[in-house]
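Asker: Generate a structure from the sequence data that follows.
(2 chains)
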Amino acid sequence: KAGVTQTPRYLIKTRGQQVTLSCSPISGHRSVSWYQQTPGQGLQFLFEYFSETQRNKGNFPGRFSGRQFSNSRSEMNVSTLELGDSALYLCASSLAALAGNTGELFFGEGSRLTVL
Amino acid sequence: DAKTTQPPSMDCAEGRAANLPCNHSTISGNEYVYWYRQIHSQGPQYIIHGLKNNETNEMASLIITEDRKSSTLILPHATLRDTAVYYCIVRGTYNNNDMRFGAGTRLTVKP
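Answerer: The predicted model follows:
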């Protein structure tokens, strides 16, 4: 069974540009969540999608957005990039039910973004 | 903010048991304790989770105190490949995958 796949694995952008990252969850997983990891702030929750709807959002500015498609694949977008957006962006999927979820998150290898 | 407190680092000799503590004194009755680990530059990997009973799987054991205010992750026979940052997370069972990661414990297994 294939794991969570994130593309691209590495990318370099300059300030002011925008970037789109993609995540393909494990087959059958309907929940996809995104995290940002930096040396200073650690792992921080960005947002979660379930059945194409955002159902949780972390404390990030509106420049960070995402969406989920009907096949559960998800994308996140960061507009007007800043130097501080340089980070490892991790996607995780799970077999989330509407309620009573106790399932674990399965993480991808991440997309490492460098903003120059 | 993370609801857990872990020591920043620990060392363990190869082949010995690694016991990683975690304090979660504000845990609610319906919240689970999860453990993940992250090996350098990889995505976090699920290890184990529990509610109030002790749990064991092929990777580790989880011991939760009776008052549920703390827990210990046990790697019974640590290997060099177990060197990683270990995260203890408290999480509810509701429809929420907002995992609040703290700083974790950096475990170094030494030969």
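
Asker: where does chain B have low pLDDT?
Answerer: B:1-2, B:93-98 (pLDDT under 70).

Asker: what's the span of stretch B:22-38 from first residue to last?
Answerer: 16 Å (Cα to Cα, to the nearest Å).

Asker: and for it, what are the contacting residues?
Answerer: Stretch B:22-38 has contacts (Cβ atoms under 8 Å, 6 or more residues apart in numbering or on different chains) with A:102, A:104-105, B:3-6, B:20, B:44-51, B:60, B:62, B:64, B:68-73, B:82, B:84-94, B:99, B:101, B:104. For the C-beta atoms, the positions are set from N, CA and C on the backbone; glycine is no exception.

Asker: Over to stretch A:42-52?
Answerer: A:30-38, A:54-60, A:64, A:66-70, A:74, A:76, A:89-90, A:96, B:44, B:87, B:95-104.

Asker: got the residue ranges for the strands in chain A?
Answerer: Here chain A has its strands, by DSSP state E, at A:5-7, A:10-13, A:19-24, A:31-38, A:42-50, A:53-57, A:64-68, A:74-78, A:87-94, A:106-107, A:111-115.

Asker: got the angle between the fourth one and strand A:111-115?
Answerer: By that I understand strand A:31-38. Angle of strand A:31-38 versus strand A:111-115, following axes from the mean of the first three to the mean of the last three Cα atoms, to 10 degrees, is 40 degrees.

Asker: which strands and helices sit next to strand A:31-38?
Answerer: Counting contacts by 3 or more Cβ pairs under 8 Å, 6 or more residues apart in numbering or on different chains; DSSP states H and E, strand A:31-38 is packed against strand A:42-50, strand A:74-78, strand A:87-94.

Asker: All the strands of chain B, residue numbers only.
Answerer: Going by DSSP E, chain B shows strands at B:9-13, B:18-23, B:31-38, B:45-50, B:55-56, B:61-64, B:70-75, B:84-92, B:105-110.

Asker: which other helices and strands contact the longest one?
Answerer: Counting contacts by 3+ Cβ pairs under 8 Å, 6+ apart, strand B:84-92 packs against strand B:18-23, strand B:31-38, strand B:70-75, strand B:105-110.

Asker: Please tabulate the helices and strands packed on strand A:31-38 in CSV, including the columns mean neighbour count and mean pLDDT.
Answerer: Compiled in CSV, these are given as follows (neighbours: other Cβ atoms under 10 Å in any protein chain shown; pLDDT from 0 to 100):
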stretch, mean neighbour count, mean pLDDT
strand A:42-50, 22, 90
strand A:74-78, 21, 98
strand A:87-94, 25, 94
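
Asker: coming back round to it: any chance of the strands of chain A in CSV, with distance to B:Gly29 too?
Answerer: Formatted as CSV, the strands of chain A follow (distance: least, Cβ to Cβ, whole Å):
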stretch, distance to B:Gly29
strand A:5-7, 36
strand A:10-13, 44
strand A:19-24, 33
strand A:31-38, 24
strand A:42-50, 23
strand A:53-57, 21
strand A:64-68, 32
strand A:74-78, 32
strand A:87-94, 22
strand A:106-107, 27
strand A:111-115, 37
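
Asker: which stretch among these comes nearest B:Ile39?
Answerer: Taking Cβ to Cβ, strand A:106-107 is the member of those nearest to B:Ile39, at 11.4 Å.

Asker: residues near the residue of chain A found nearest chain B, how many?
Answerer: Closest to chain B within chain A is A:Phe107: 3.2 Å, counting by Cβ to the nearest Cβ. Using other Cβ atoms under 10 Å in any protein chain shown, A:Phe107 has 23 other residues around it.
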